[in-house]
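1. here is a sequence together with a model predicted from it:
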Amino acid sequence: MDRSAVDRLYDCDVLDRHGRPIGPVAELWLAGGRPLWASVRTDRGTTLVPIRGAQVRDRRLVVPVEEREVEDAPKVGGRDLSDAEQAELHDHYGLRLPEQRLVRHERGASAPTSQPPRRAKRRGR
């Protein structure tokens, strides 16, 4: 999936496998360049939902899990997921851990570029 297709997922509302609304996509998490998880804002806070095998229909992302599973999912915090948090999420949803580490995707961000180090500014005396 190319970057623009991944970015378009941010415009989606997440629905469970039965079409019940869960919430809007807040962030995406990728492994090996493929989107595998979405942070979703719900009435109870933000939680991660597996999106492998999800279908996009008219700005709706229909995920292969039920709303109850999302409600009962472990809450994870911070900008990065620890190995323990990843394992807990995968166990909860009955999924295998990917070989690659999950990486948070930033919408519209270009690939990192190397830049020369910034020089410190001298203060006038």
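-> Received, thanks.
2. pull up the pairing partners for the longest strand anywhere in the chain, direction included.
-> Among the elements of the chain assigned as strand by DSSP state E, the one spanning the most residues is strand 21-31. With DSSP bridges as the test, strand 21-31 is paired with strand 13-15 (antiparallel), strand 34-42 (antiparallel), strand 103-105 (antiparallel).
3. what's that strand in contact with?
-> Applying Cβ atoms under 8 Å, 6 or more residues apart in numbering, the contact partners of strand 21-31 are 6, 9-16, 35-43, 46, 48-49, 51, 61, 63, 67, 70, 81, 98-105, 107. To be clear about C-beta, it is placed using only N, CA and C from the backbone, and glycine gets the same treatment.
4. buried ones among the residues you listed?
-> Buried members of the contacts of strand 21-31, counted by 16 or more other Cβ atoms under 10 Å: 6, 9, 12, 14-16, 35-40, 42, 48-49, 51, 61, 63, 67, 70, 81, 98, 102, 105.
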